[in-house]
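Asker: structure for this input, please:
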Amino acid sequence: MKIFDTHTHLNVEQFSQDLDQVIQRAHQLEVSDFAVVGFDQKTIEKALQLSQDYPEIYAIIGWHPTEAANYTKAIEDQLIKDLTLPKVVAMGEMGLDYYWDTATPQEQERVFRRQIAIAREMKLPISIHNRDATEDVYRILKDEKIYDIGGIMHSYGGDVEYMKRFLDLGMHISFSGVTTFKKSEQVRQAAKEVPKDRYLVETDAPYLAPVPYRGKRNEPGYTRYVVETIAQVRQTSPELVAQETWDNAARLFRLETS
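Answerer: You can find the predicted model right below:
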């Protein structure tokens, strides 16, 4: 079995002391590949460095909606340059966040649309951060005809109906540790009904640790618990969920697979 953690933050301070051990533990749990997501200047640089240092790490880079007020022409120019690097597989995480009050909805939408335009130009899929903003995220993606490039609804937390609407736009649905939470029945229902060629798994580590580690630091290895939970709700084997989600990630990221 091999599992692809399609959204993790091994580039943050929480992993600065024991990164090699974290990666080793992930491999022991059969998590073979990682997409490390950079969301501001510091984490983008680190994601790119890790993708150079480790063969199993790929980079996704973009500008987080909570940082939208700090987005400048210089940042954009650097992003465009970095997006051409060989192991950058997508652009993000981008989107809208109405929970944290660090940038206005107008600023966030402007930066979101700008990044979509860049991703289209670079022919890269996008990774979407959506917090308390589902209607507006859907509106913008539909408006931007996102089907051309596609992408990922990262750490999906919505219901089946919205999932179907995002699927209709050409997006993939990525399930995180939220799938294991007691109150996440609607997310499990989405995981049950998602088409086999359009779902992914992730941790969003160090955040959103799944049961049985909820409340602790999350690690990429714990993607395994997400896989096992989805296998239960789909009434299939963890091996099949791992294989389908790994293949979907490889196809979306255009990885050369032997």
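
Asker: burial of T84, as a residue count?
Answerer: 9 (other C-beta atoms under 10 Å). Backbone N, C-alpha and C define where each C-beta goes, glycine included.

Asker: spatially nearest residue to it, not counting backbone neighbours?
Answerer: M122 (7.4 Å; C-beta to C-beta, 6 or more residues apart in numbering).

Asker: kindly report the same for R25.
Answerer: Nearest one to R25, counting by C-beta to C-beta, 6+ apart, is G221 at 4.7 Å.

Asker: got the contact list for the one you found?
Answerer: V22, R25, A26, H27, Q28, L29, V31 (C-beta atoms under 8 Å, 6 or more residues apart in numbering).

Asker: setting the sequence-adjacent residues aside, check what's closest to the fifth one.
Answerer: Read that as Q28. Using C-beta to C-beta, 6+ apart, the nearest residue to Q28 is G221, at 7.0 Å.

Asker: got the buried residues for the top helix by length along the chain?
Answerer: Looking across the chain with DSSP state H, the single longest helix is helix 105-122. Buried residues in helix 105-122, counted by 16 or more other C-beta atoms under 10 Å: E107, Q108, E109, V111, F112, R114, Q115, I116, I118, A119, R120.

Asker: ends of stretch 69-89, how far apart?
Answerer: 25 Å (C-alpha to C-alpha, to the nearest Å).

Asker: quick check: phi and psi at the closest residue to I116 other than its chain neighbours.
Answerer: Closest residue to I116 apart from its sequence neighbours, by C-beta to C-beta, 6+ apart: E144 at 4.9 Å. Main-chain dihedrals, E144, degrees, to the nearest 10: phi -80, psi 0.

Asker: what is the neighbour count of P86?
Answerer: P86: 9 neighbours (other C-beta under 10 Å).

Asker: my bad, should have said F181
Answerer: Neighbours of F181 (other C-beta under 10 Å): 17.

Asker: quick one on the thing from earlier: run the chain-centre distance for whichever helix or strand comes after the longest helix of the chain.
Answerer: Under the assignment DSSP states H and E, the closest C-terminal helix or strand after helix 105-122 is strand 126-131. On the basis of C-alpha atoms, centre = their mean, to the nearest Å, strand 126-131 sits 7 Å off its chain's mean C-alpha point.

Asker: name every strand pairing with strand 126-131 and say which way it goes.
Answerer: strand 88-97 (parallel), strand 151-153 (parallel) (DSSP bridges).
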